[in-house]
Each structure stands twice: as structure tokens, then as C-alpha cells.
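A.B. asks: Sequence and computational prediction follow.
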Amino acid sequence: MARMSRLFLGLISGTSADGIDAALVELPDHPGTTGLRLVAARVHPWDEALRARLVALGQGGEPDSLDELGRLDVQVGEAFAGAALALLEQAAVAPAQVAAIGSHGQTIRHRPHGPVPFTLQIGDGAVIAERTGIATACDFRRRDVAAGGQGAPLVPAFHAALLHSAAEDRAVLNLGGIGNYTLLPRGGAVRGFDTGPANALLDAWCQRHTGAAFDADGAFAASGNVDQALLQRLLDEPWFVQPPPKSTGREQFHLDWVEARLRGDEPPADVQATLLELTAATAAEALLAHQPGTARVIVCGGGVRNPELMARLAARLPGVVVESTAAHGLDPDYVEAMAFAWLARETLTARPGNLPAVTGARGPRVLGVVHPA
């Protein structure tokens, strides 16, 4: 049997749907060794009309028809395939050199609770495999949900493989559209859970009031003041005190949720400052509640580029080192895309990709469905 290539390509569009992150990764031969290398990475832009429709659906909107849902599934698959091919062209790597693509897809519903739990990510893996000529693993979350889990977060297994330390308790905080933790104690089980809204609300409020897609350097938030009364109304959301395992998304935390808690006369910059403080507060409080001895918080995702957010997080965690994954050799913008490249390898080799202590699933499961090349 021919040896499997060590090149894997990960694709993800997160809760903010601000672009398709693509990462080409060289993985070590043995799953228990270090040596992962990021070969190339890029953010592939969405078609604006398609992105707007995906954001609307992600916030709880309904598809117009089954026909529309079917079209969107194919259109997102085409967009993901385009992102993969553009990255390979950038890296001067032929598709035949890549063992597999791991595609997260675009989440448009995440309902792990209730009488019929489900999670739905669109972006047809068959289309990606057909357009790229590369085996594609997708639908990673659904098997975990079928096994009684949340289906999220899935990246903690990757964090644990790369960032665990026997010398100190650590936490990895992803500040994407939604915030989520991986707790890495020196000894004991890895845990993980969502903390609540992060860039999804910050970006949406900023775009509405400034026209900019995101708050560059946190300047809009820095121009306002935290409204303590509003902050408390936001923090009164019952979801924040639910125990892990738990996960959430844009369908729960969106601008309608914010507006229902406004008096109506708040300056927009003050709301932005308060939403930023909400992100820092919920992340800090969750850490102090679930791993109070943490020595180091290692941050990835778009929030790491927001110095105001990083400063507020550090202020709420005195004595804790708060730093970017860049300090550990991992580009903070592409950690999740790299994780789905890694998960594709786990799927192809029939190794479990979930952590039951994180998701609440009944046990380890091999995740994903593979569409052969």
C-alpha cells in the first residue's frame, strides 16, 4: 500500500462568515508526535450576496424553500472548492499531492438540545471532492451529536495535541464569532466549551453603525464607555450560567438579542464597548469558574488582533499570562483551519476526533463522512 501523503488541507468558515479560511498543513507521520508545519494559508472571500444569505440563515432565518437550501449547499461547496484550489495555486502544490481536505462547512443551524438534537453545516463535500480531485472529509459534527454530544467544540483535541504542558495548567481561548475554551490541566481530562458571543456581535454592531466589516484595533469600542447597566442585562442571559458541556452560535447571540436589552438611547460606541466587555467578562468568568489555577491563556481567532479585547481579558485575569498562539508557533488566524486538516487525517485513519469530556458524547467517535477523490 502506498504511503499516505503528509499534506492535508483544512477549510472553515466560522460563525462570522467573514471569509473561508484555508490552511495547507504537513502533518507528522505519527499522531502522537509534534512537527506539524503550516505550508500555506489564505482567507478566501465570500461572494457578498451569498455571505449575506448565510449570515441571515445563521441568525435564525428560514430558507425560502427546500430548493434554496439545496442550491446553497452546492454554492457553498463550490466556494470551498475554490478556496482550496486558490490556496494550492498559491503554494504551487498539485491536488494529487494532498491526502485529503477537511471541510467544516458553514453552520446554519446548531440545535444540540431538545427532543430531536441536530446540527447542520452546508457545503456539499461531494462537490468539493469533484471540483478539486481530492478526497474530502466533511460533516464532522453530526456523529458526535448522534452520540448524545454537543457536536462542538471539536478543536480541543487538536489543541491538546499541540499545546498541552506538563508544567502548568493552560487554557486555549478561540475568539472567533463565538468564544470557546479548551482547558488543558497539567494532569486530568481535557475539557472545553463555548463561552458566548465574541466577534459575531462585535462585527455586526460595528458594520451597522460604521459600515466597516470589523472594528479595526478595537478603535470603535475604545471610543465609547462600558454601560454597566446594559452589561448586566446582557450577562443575565441564562445560557451563561449553564454548566458545560455547552455550545452556541449566531442563531442565539445576534443583534436582535442585543436590541431586546437596549433602552434605545445608548450611543453606538458605548454599545460596542459594552459588547467587547461582555466577551472579556464571560471568557474570564468561565475560566475562573472551571479552571481557577490556570497559569496561561493562549488565544487564537480574530479576537487576538483586537488589542482592546486582549487588554480587557488580561485585566480580568490578573496573574495569568494572556498571549497569542503565535508565541507557540501557531498562526492565530488559521488554528481552526489547521485543526480541520488534522481532523481529516484522523478520519482517514479511523481514529476518533472528538473528546467526550468536551462534547458530552457517549464515547469517542470517528467523525466525518469521506467523499473519495
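C.D. replies: Perfect, I can see it now.

A.B. asks: Kindly indicate whether Thr195 is helix, strand or coil.
C.D. replies: strand (DSSP: H, G, I helix; E, B strand; the rest coil).

A.B. asks: which residues does it contact?
C.D. replies: By Cβ atoms under 8 Å, 6 or more residues apart in numbering, the residues touching Thr195 are Leu173, Ile178, Gly179, Asn180, Tyr181, Thr282, Ala283, Ala286. Yep, even glycine has a C-beta here, placed from its N, CA and C like the rest.

A.B. asks: Wait, the third one touches Ala198, no?
C.D. replies: Yes: contact criterion Cβ atoms under 8 Å: Gly179 and Ala198 qualify, at 4.1 Å.

A.B. asks: list the residues that contact both of the two?
C.D. replies: With Cβ under 8 Å, 6+ apart as the test, Gly179 and Ala198 both reach Thr279, Ala283, Gly303.

A.B. asks: Closest to Arg365 out of those?
C.D. replies: Ala283 (28.0 Å; Cβ to Cβ).

A.B. asks: Leaving out sequence neighbours, find the closest residue to that closest one.
C.D. replies: Thr195 (4.8 Å; Cβ to Cβ, 6 or more residues apart in numbering).

A.B. asks: The closest residue to Met4 other than its chain neighbours: how many residues sit nearby?
C.D. replies: Closest residue in space to Met4, ignoring its immediate chain neighbours: Ala99 at 5.1 Å, by Cβ to Cβ, 6+ apart. Number of residues near Ala99 (other Cβ atoms under 10 Å) recorded here: 19.

A.B. asks: Ala373 too?
C.D. replies: 16.

A.B. asks: distance of it from Asp73?
C.D. replies: Using Cβ to Cβ, to the nearest Å, we find Ala373 at a distance of 20 Å from Asp73.

A.B. asks: same check, this time on Leu278
C.D. replies: 33 Å.

A.B. asks: out of the two, which sits in the busier spot?
C.D. replies: Leu278 (25 against 21).

A.B. asks: Please verify my assumption that that one contacts Leu202.
C.D. replies: No: Leu278 lies out of contact with Leu202 (Cβ under 8 Å); the separation is 9.3 Å.

A.B. asks: any idea which helix or strand comes after the helix or strand where Ala229 lies?
C.D. replies: Here Ala229 sits within helix 228-235, counting by DSSP states H and E. Using DSSP H and E, the helix or strand that follows helix 228-235 in sequence is helix 255-259.

A.B. asks: and that following helix, C-alpha only, in PDB?
C.D. replies: Extracted in PDB, the C-alpha atoms of helix 255-259 (Å, rounded to 0.1, in the frame of the first residue of the first chain):
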ATOM      1  CA  LEU A 255     -28.300  41.700  17.000                       C
ATOM      2  CA  ASP A 256     -32.000  41.100  17.800                       C
ATOM      3  CA  TRP A 257     -30.800  39.600  21.100                       C
ATOM      4  CA  VAL A 258     -28.800  42.800  21.800                       C
ATOM      5  CA  GLU A 259     -31.500  45.200  20.800                       C
END
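
A.B. asks: Buried residues, that helix. List them.
C.D. replies: Using 16 or more other Cβ atoms under 10 Å as the test for burial, helix 255-259 gives Trp257, Val258.

A.B. asks: now what about stretch 68-85, what contacts it?
C.D. replies: 9, 11, 13, 20, 22, 42, 44, 46-47, 50, 53-54, 57, 63, 95, 101, 103, 105-106, 108, 122-128, 130-132, 134.

A.B. asks: where does this protein dip in pLDDT?
C.D. replies: Across the chain, the ranges flagged by pLDDT under 70 are 1-3, 31-34.

A.B. asks: Which stretches in it count as strands?
C.D. replies: Using DSSP state E, the strands of the chain run over 7-12, 20-26, 37-44, 100-103, 106-111, 118-122, 136-138, 170-175, 178-184, 191-197, 296-300, 321-324, 369-371.
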